[in-house]
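*Asks:* sequence plus the predicted model coming up.
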Amino acid sequence: MLRPATSAGVVRPSATVLFRRLVGAACLLVAGCLWAAQAGAHEIGLSVVELRFEHERVSVQLTFAQSEVEALVAAEERMIGKRFPAALDSASTGLEALALKSLEITLDERPLQATEVAVQPEPNNTIQFRLSFPMPAGSRLGLRSMLPARLTPGHRQFLVVRSRAGQTLTERILDGASNTFESDLARLTTSEATPVLFRQFLVLGVEHILTGYDHVVFLLALLLAGGAFWNTAKIVTSFTLAHSITLGLAVLDVVRIPSSVVEPLIAVSIVYVGLENLLQGDLRWRWLLTFGFGLVHGFGFASVLRELGVGAAGVGVAVPLVSFNLGVEMGQVGIMLLALPLIWKLRSQPFFVMRCVPACSLLVTLVGGYWLLQRTLFS
């Protein structure tokens with residue numbers, strides 16, 4: 001069988017083979033966008049545990065998203081075969097029972113029993129569990145968080161331990177696989193957890209960009225239009241710089257914009273970039289537009305740290321902010337290193353530029369429109 005060859009004798013793929021490869025690559029992009037639309041954004045669940053030493057007792061406040069508490073209550077009902085009252089309020093015995101099961105605290109390996117429990121719904125769609133434990137004399141504190149293992153696999157729980165005066169003694173991130181914390185009470189007066197906290201927030205930043213599907217779709221839509229290397233570099237750099245600025249401002253509470261505004265704006269940015277790809281606008285000045293959208297996306301990243309309690313009074317900001325942002329950037333660079341060579345290679349083929357790029361850009365627009373409706377009319 002004869003195969004097409006160049007004048008130099010180098011064998012090249014036939015048009016049919018090339019067509020199949022391009023269609024296969026386009027299908028992967030389409031499947032990725034559809035999967036993103038179904039999955040939604042920011043699948044990493046977040047909760048906060050604040051433990052404060054007070055006079056002869058330890059008070060604990062746990063904060064969960066209301067949707068997660070509802071899932072936990074439903075699982076509890078199935079397990080015991082009994083339904084609790086539908087309203088999630090302080091009178092719900094089901095929530096009080098769940099709160100009592102949320103933590104195990106020991107002092108010198110002796111379990112402490114909660115003497116007070118309260119449940120408080122908050123206006124920002126969160127539920128707070130408040131527990132109080134007696135604090136006898138002892139030297140080694142142990143804590144086991146029981147609920148993360150019953151939530152989504154990516155759930156993270158931010159643990160903050162404070163002194164009686166409200167000073168932050170230590171901070172950790174717990175999850176379903178690593179849900180314990182132990183320390184000598186005497187050592188809690190010094191900050192021993194900074195390297196651990198830096199690594200944990202670094203990993204959380206990487207995970208967040210990889211599972212923050214709206215941010216990934218936005219980044220891929222920017223890269224899909226192609227352009228010279230320096231134009232692409234300016235686009236990505238402006239996006240990075242912009243979201244780093246607003247991430248810092250939001251976490252430091254200099255600027256506060258509710259997620260009910262930020263999340264639809266992120267969806268709008270995706271729609272706009274998809275439409276711009278379809279209209280084949282001038283990409284030389286796209287970095288300015290990307291900078292503006294990057295400011296919006298930074299508030300989206302900041303919401304993650306806010307839900308973890310970073311930026312609240314007494315919580316150290318520098319280490320979580322720097323390491324989380326660095327993790328986000330590492331995730332973005334990883335996506336770029338994987339996607340850019342493939343996109344540049346495919347864009348050398350006229351069929352991909354004429355057919356696949358418009359099709360993928362249209363799909364990006366539709367996915368962004370779906371998220372916009374989901375976050376406004378159907379939220």
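*Replies:* Okay, I see it.

*Asks:* which helix or which strand is home to Leu141?
*Replies:* Assigned by DSSP states H and E, Leu141 belongs to strand 140-145.

*Asks:* no no, Trp344
*Replies:* helix 318-347.

*Asks:* ok, back up a step: list the strands paired with the strand holding Leu141, with their directions.
*Replies:* strand 103-107 (antiparallel), strand 180-184 (antiparallel) (DSSP bridges).

*Asks:* tell me the most buried of those?
*Replies:* Stretch with highest mean neighbour count among the strands paired with strand 140-145: strand 103-107 (a mean of 18; mean count of other C-beta atoms under 10 Å). From N, CA and C alone the C-beta is placed, and that goes for glycine too.

*Asks:* now for the next helix or strand after it, which elements pack on it?
*Replies:* With elements assigned by DSSP H and E, the helix or strand that comes after strand 103-107 is strand 110-111. Of the remaining helices and strands, none touches strand 110-111 by 3 or more C-beta pairs under 8 Å, 6 or more residues apart in numbering; DSSP states H and E.

*Asks:* right, and the helix or strand after strand 110-111?
*Replies:* Trace forward from strand 110-111 with DSSP H and E and the next one is strand 116-122.

*Asks:* can I have that next one written out in CSV, keeping just the CAs?
*Replies:* Extracted in CSV, the C-alpha atoms of strand 116-122 (Å, rounded to 0.1, in the frame of the first residue of the first chain):
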residue,chain,number,x,y,z
GLU,A,116,-23.3,22.1,76.3
VAL,A,117,-24.4,21.9,72.7
ALA,A,118,-26.1,24.4,70.4
VAL,A,119,-26.9,24.7,66.7
GLN,A,120,-27.1,28.0,65.0
PRO,A,121,-28.0,28.6,61.3
GLU,A,122,-26.2,31.5,59.8
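
*Asks:* any stretches of the stretch 201-350 of the chain with poor pLDDT?
*Replies:* Scanning the stretch 201-350 of the chain for pLDDT under 70 picks out 227-228, 281-282, 307-316.

*Asks:* now do the helices in it.
*Replies:* Ranges of helices within the stretch 201-350 of the chain are 213-224, 229-251, 259-279, 286-307, 318-347, 350-351, based on DSSP state H, counting those that start in this stretch.

*Asks:* closest to Leu100 out of the ones you listed?
*Replies:* Nearest of these to Leu100, taken as C-beta to C-beta: helix 286-307 at 23.7 Å.

*Asks:* run the angle between that closest one and helix 213-224 for me.
*Replies:* 160 degrees (axes from the mean of the first three to the mean of the last three C-alpha atoms, to 10 degrees).

*Asks:* so what's Phe181 up against?
*Replies:* Shown in contact with Phe181 (C-beta atoms under 8 Å, 6 or more residues apart in numbering): 142-143, 159, 172, 174.

*Asks:* and it, how close does it get to Ile105?
*Replies:* To Ile105, Phe181 is 10 Å away according to C-beta to C-beta, to the nearest Å.

*Asks:* overlap in contacts, the two.
*Replies:* Common contacts of Phe181 and Ile105 (C-beta under 8 Å, 6+ apart): 142-143.

*Asks:* so what's Gly292 up against?
*Replies:* Ala242.
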